[in-house]
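S.K.: got a structure for you, letters missing:
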């Protein structure tokens, strides 16, 4: 449970700092630049990609 006081502004600022600290520890997607917050990601030659960016890169191949 989050720590709360009678000062909602201070509570928000504390929460915001904690969230930024956690995000800074996560890998960053090479394509979109966002921190990867999901439980899985793709790493290709040491570069991280989020699921959404990988999905956007998938194309159908005509084999005929």
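M.R.: That came through fine. All values reported here derive from a predicted model rather than from experimental measurement. Numbering: from 1, shown residues only.
S.K.: For the rest of this, base every contact and every neighbour count on C-alpha atoms.
M.R.: Noted.
S.K.: contacting residues around stretch 16-35?
M.R.: Identification of contacts with stretch 16-35 by C-alpha atoms under 8 Å, 6 or more residues apart in numbering yields 36, 37, 47, 48, 49, 50, 53.
S.K.: nearest residue to the fifth one other than its sequence neighbours?
M.R.: It refers to residue 49. Among residues not flanking residue 49 along the chain, residue 29 sits closest, at 4.4 Å (C-alpha to C-alpha, 6 or more residues apart in numbering).
S.K.: Select the longest helix from this protein.
M.R.: For the chain, the helix that runs over the most residues, judged by DSSP state H, is helix 8-24.
S.K.: What residues of that one count as buried?
M.R.: For helix 8-24, the buried set under the neighbour-count rule, 16 or more other C-alpha atoms under 10 Å, is empty.
S.K.: after it comes which helix or strand?
M.R.: strand 42-44 (DSSP states H and E).
S.K.: Packing partners of that following strand?
M.R.: For strand 42-44, the packing partners by 3 or more C-alpha pairs under 8 Å, 6 or more residues apart in numbering; DSSP states H and E come out as strand 47-49.
S.K.: go with 10 Å
M.R.: Applying 3 or more C-alpha pairs under 10 Å, 6 or more residues apart in numbering; DSSP states H and E, one finds that strand 42-44 makes contact with strand 47-49, helix 51-57.
S.K.: Run through who's touching it.
M.R.: Residues from elsewhere that reach strand 42-44 (C-alpha atoms under 10 Å, 6 or more residues apart in numbering): 27, 29, 30, 48, 49, 50, 51, 53, 54.
S.K.: Is it possible to mark the buried ones in those residues?
M.R.: Neighbour counting by 16+ other C-alpha under 10 Å classes 27, 29, 48, 49, 50, 51 among these as buried.
S.K.: which one is the last one nearest to, not counting chain neighbours?
M.R.: The spatially closest residue to residue 51, leaving aside those adjacent along the chain, is residue 41, at 5.9 Å (C-alpha to C-alpha, 6+ apart).
S.K.: Now that neighbour: phi and psi?
M.R.: Phi and psi for residue 41, reported as degrees, to the nearest 10, are phi -160, psi 170.
S.K.: Run a quick neighbour tally on it.
M.R.: Per other C-alpha atoms under 10 Å, the neighbour tally for residue 41 reads 18.
S.K.: Alright, that wraps it up for me.
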